[in-house]
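**Student:** Compute the structure for the input listed below.
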Amino acid sequence: MNKIWMPLALLLCGAPAAAHVTVSPAAAPAGAYVRLAFGVPHGCRGSATTEVVLRLPHEALIGAKPMPKPGWVLTIERKPLERPFELHGRRIADSVAEIRWRGGPLAHEHYDEFVLAGKLADAAAGPLRVEVLQTCESGRNDWTGAAGSESPAPVLEVQPAAGHRHH
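**Tutor:** Reported below is the predicted structural model:
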């Protein structure tokens, strides 16, 4: 295959990394309010997805709010923060640690996104790993590994804080 057609073939066939759960955007500044979309590109070995769980670094991503999805039931688990703080005149003592969407099913052949909004902590600069547990009608995928592994967790690259933090 010549050099011109190789990139097109990879795009049409899907590069190997496209088979993993992804987060979009890939980067955001510390202290910013963000909308994060976790893309689930397939089920488990041909089986439809029936549950998606996001395990959040609740000290670094504050007050996550999931977007409801028709046909899916939402469950939220909160955990106390080591260092409570003030935000918009309110004392924040805990944060969302886990979000669970159960339902669907999302066919193996289909793609969907599971979305949340939240605030990145002011001191959150660096890679922010979010473990994703995907349960299917038959089997499961745990996207919890390190970068380069067979089942890597999606990573948001949190950049040093920008001047203006309210977006």
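
**Student:** going forward, measure contacts and count neighbours with C-alpha atoms only.
**Tutor:** Will do.

**Student:** in terms of contact, does Phe38 touch Ala117 like I think?
**Tutor:** No - judged on Cα atoms under 8 Å, Phe38 makes no contact with Ala117 at a distance of 11.4 Å.

**Student:** Would you mind telling me which of the two has the busier surroundings?
**Tutor:** Neighbours per residue, other Cα atoms under 10 Å: of Phe38 and Ala117, the larger number sits with Phe38, 20 against 17.

**Student:** Which residues are in contact with that one?
**Tutor:** 21-24, 113-115 (Cα atoms under 8 Å, 6 or more residues apart in numbering).

**Student:** Skipping adjacent residues, who's closest to the residue positioned nearest the centre of the chain in space?
**Tutor:** The residue at the geometric middle of the chain, judged as the C-alpha nearest the mean C-alpha position with Cα atoms, centre = their mean, is Phe38 (4.0 Å). By the measure of Cα to Cα, 6 or more residues apart in numbering, the closest residue to Phe38 outside its immediate chain neighbours is Val23, 4.6 Å from it.

**Student:** Provide the secondary structure category for that neighbour.
**Tutor:** Secondary structure, DSSP: H, G, I helix; E, B strand; the rest coil: Val23 is strand.

**Student:** and it, how many residues sit next to it?
**Tutor:** Residues near Val23, counting by other Cα under 10 Å: 21.

**Student:** My understanding was that it contacts Glu157; is that so?
**Tutor:** No - under the contact definition of Cα under 8 Å, Val23 does not touch Glu157, with a separation of 10.0 Å.
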